[in-house]
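S.K.: let's see this in three dimensions:
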Amino acid sequence: MPNRVVVGLTAIAVLIAAAPAPAHHAFASEFDIQKPLVLRGSVTVMEWVNPHSWIHIDVKGDTDTVNWMVEGGSPNALLRLGFTKNALLPGMDIVVTGYQAKDGTNKAVGRDLTFADGRKLFLSESAAGTQK
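M.R.: Alright, predicted model coming up:
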């Protein structure tokens, strides 16, 4: 009897382990390589959350200001690339190059970030053209 229980539990464990896990999205599933953009604006919030960081910036247009959400790399990846928790503070002026979301919303994936003093930081390996 104990052998049957062990075999049964093992079979259940194997089936659970074989169940598909939610896949991490690819660039092409959410962002459009045909919609490159350059956003010049002021940081409102920097979110250090997994699996991707998010930079919220206010971009001034001709008639209004629009808040954009820019996806960056994971917090760990950004720290390894030279970011610190104080690298982007509210009110800082930045320029972000990247690609807009396919759904046309004010969401983008960032590729590079340029500070007002000219320093540049790489934002994400998920942006098109950054994979090696």
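
S.K.: what ranges do the helices span in this protein?
M.R.: Using DSSP state H, the helices of the chain run over residues 2-18, 27-30, 75-80.

S.K.: for those, which has the smallest mean pLDDT value?
M.R.: The weakest mean pLDDT among those belongs to helix 2-18, with a mean of 59.

S.K.: which strand runs longest in the chain?
M.R.: Taking DSSP state E as the criterion, the chain has its longest strand at strand 31-47.

S.K.: that one pairs with which strands?
M.R.: strand 54-60 (antiparallel), strand 93-101 (antiparallel) (DSSP bridges).

S.K.: now that strand: average pLDDT?
M.R.: 94.

S.K.: now it, how far from the chain's geometric center?
M.R.: In terms of CA atoms, centre = their mean, to the nearest Å, the centre of strand 31-47 is found 11 Å from the chain centre.

S.K.: now that strand: buried residues?
M.R.: 31, 32, 36, 39, 41, 43, 46 (16 or more other CB atoms under 10 Å). Placement of C-beta: from N, CA and C, glycine included.

S.K.: which residues touch it?
M.R.: With contact meaning CB atoms under 8 Å, 6 or more residues apart in numbering, strand 31-47 is reached by 27, 53-60, 67-68, 70, 87-102, 108-109, 127-129.

S.K.: now stretch 96-110
M.R.: Contacts of stretch 96-110 (CB under 8 Å, 6+ apart): 27, 30-33, 35-39, 41, 55, 57, 66-72, 111-114, 123-124, 126-128.

S.K.: repeat that with 7 Å
M.R.: Around stretch 96-110, the neighbours that count as contacts under CB atoms under 7 Å, 6 or more residues apart in numbering are 27, 30-33, 35-39, 55, 57, 66-72, 111-113, 123-124, 126-128.

S.K.: buried ones in it?
M.R.: Within stretch 96-110, the residues scored as buried using 16+ other CB under 10 Å are 96, 97, 98, 99, 100, 101, 107, 108, 109, 110.

S.K.: what's the closest non-adjacent residue to the fourth one?
M.R.: Meaning residue 99. residue 31 (4.5 Å; CB to CB, 6 or more residues apart in numbering).
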